[in-house]
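Colleague: based on what follows, work out the 3D shape:
(chains A, B, C and D)
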Protein chains: 2
Amino acid sequence: MAEELFQEIRQVDRLVHEPARLAILAVLYGVEEADFLYLLRTTGLTKGNLSAHLAKLEAAGYVEVRKRFLGKKPNTVCRLTPEGRQAFERYLTWLKRLARNLG
Amino acid sequence: MAEELFQEIRQVDRLVHEPARLAILAVLYGVEEADFLYLLRTTGLTKGNLSAHLAKLEAAGYVEVRKRFLGKKPNTVCRLTPEGRQAFERYLTWLKRLARNLG
DNA sequence: CCCTATGGTTTACACTGCAAACCGGTATGG
DNA sequence: CCATACCGGTTTGCAGTGTAAACCATAGGG
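Modeller: Residues are numbered from 1 along each chain as shown, chains lettered A, B, ... in the order given. Reported below is the predicted structural model:
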């Protein structure tokens, strides 16, 4: 159990680490695109939370949020940016390293 | 990629999930006992933070904090309680499940 | 004495996640 | 028509939390 691992734990990207956002990113990581209502169902977040977290992920450049109309209804569709994908994969690496070294 | 996994992500124990505390718990998980200064060095936290987080872990019943004097110097020694160990192991399970299903 | 070090604790604050309230539009019922 | 309810979100208010800086008691050195 290397000492440096413990210090490394704290270097995690908190933007990804937050459970609500981790759920959103995990969904997006597997699907190319997803709209607001789909994310709502899959993550189980409330609308307010989902909206706020998406805004934060967008501000960070991790997610691209596109608003359009589908017929007469507003529709918000999201996808991971390359940086978002990269950040998520870094997080996955962090996860695995922990799982390997602590478990 | 089961849908329920995404909901499960958000069920994580935030007390353990917090990086600073995760580092503390990870150290304690491997050592029977550790004193304040040892935790300070291994985790890289500041004294204030370490103190605050230990208090929180103690309040949660995850860590037992014993204060004594070593010669003339105060010495704070910590160890995981059974519930703390259990909570940490639950977290590890969560970690591994994520690593397996997302990676 | 005064100054510094040790081993912490307390304080102050800025940030953040959350749900409830809200909002502009659209379909619907009377 | 008028209102009323719904849809797809966004904004607001607040409580909780992580952080570093300031603080504190005691000990030791010059």
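
Colleague: from the contact counts, what lies against the host helix or strand of residue A:64?
Modeller: For residue A:64, the enclosing helix or strand under DSSP states H and E is strand A:63-70. In terms of contacts (3 or more CB pairs under 8 Å, 6 or more residues apart in numbering or on different chains; DSSP states H and E), strand A:63-70 is packed against helix A:19-29, helix A:47-59, strand A:73-80. Where C-beta positions appear, they are placed from N, C-alpha and C, glycine not excepted.

Colleague: repeat the analysis, applying 7 Å as the threshold.
Modeller: In terms of contact count using 3 or more CB pairs under 7 Å, 6 or more residues apart in numbering or on different chains; DSSP states H and E, strand A:63-70 is assigned the packing partners helix A:47-59, strand A:73-80.

Colleague: ok, now how distant is residue A:55 from residue B:89?
Modeller: Residue A:55 sits at a distance of 36 Å from residue B:89 (criterion: CB to CB, to the nearest Å).

Colleague: sorry, that was for residue A:64
Modeller: As for residue A:64, its distance to residue B:89 is 38 Å (criterion: CB to CB).

Colleague: and what of residue A:29?
Modeller: Taken as CB to CB, the spacing of residue A:29 relative to residue B:89 amounts to 27 Å.

Colleague: and the nearest residue to residue A:62 once chain neighbours are set aside, what element?
Modeller: Leaving aside its chain neighbours, residue A:62 sits nearest to residue A:84 (3.4 Å; criterion: CB to CB, 6 or more residues apart in numbering or on different chains). With the criterion set as DSSP H and E, the secondary-structure element containing residue A:84 is helix A:82-102.

Colleague: could you list the low-confidence segments of chain A?
Modeller: Within chain A, the stretches with pLDDT under 70 are A:1.

Colleague: return the residues of it in contact with DNA strand C.
Modeller: Where chain A comes near DNA strand C, counting by CB under 7 Å from any atom of the strand, the residues are A:14, A:18-21, A:45-49, A:52-53, A:56, A:71-74.

Colleague: using ChimeraX, make a named selection holding only the buried ones among these.
Modeller: Command for ChimeraX, covering only those of the residues of chain A next to DNA strand C found buried under the criterion 16 or more other CB atoms under 10 Å in any protein chain shown:
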select /A:18,19,20,21,45,49,53,56
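
Colleague: among the residues of chain A next to DNA strand C, which ones lie close to chain B?
Modeller: The subset of the residues of chain A next to DNA strand C within reach of chain B, by CB under 7 Å from any CB of the partner chain, is A:19, A:20.

Colleague: ends of stretch A:7-15, how far apart?
Modeller: For stretch A:7-15, the separation between the terminal residues is 18 Å (CA to CA, to the nearest Å).
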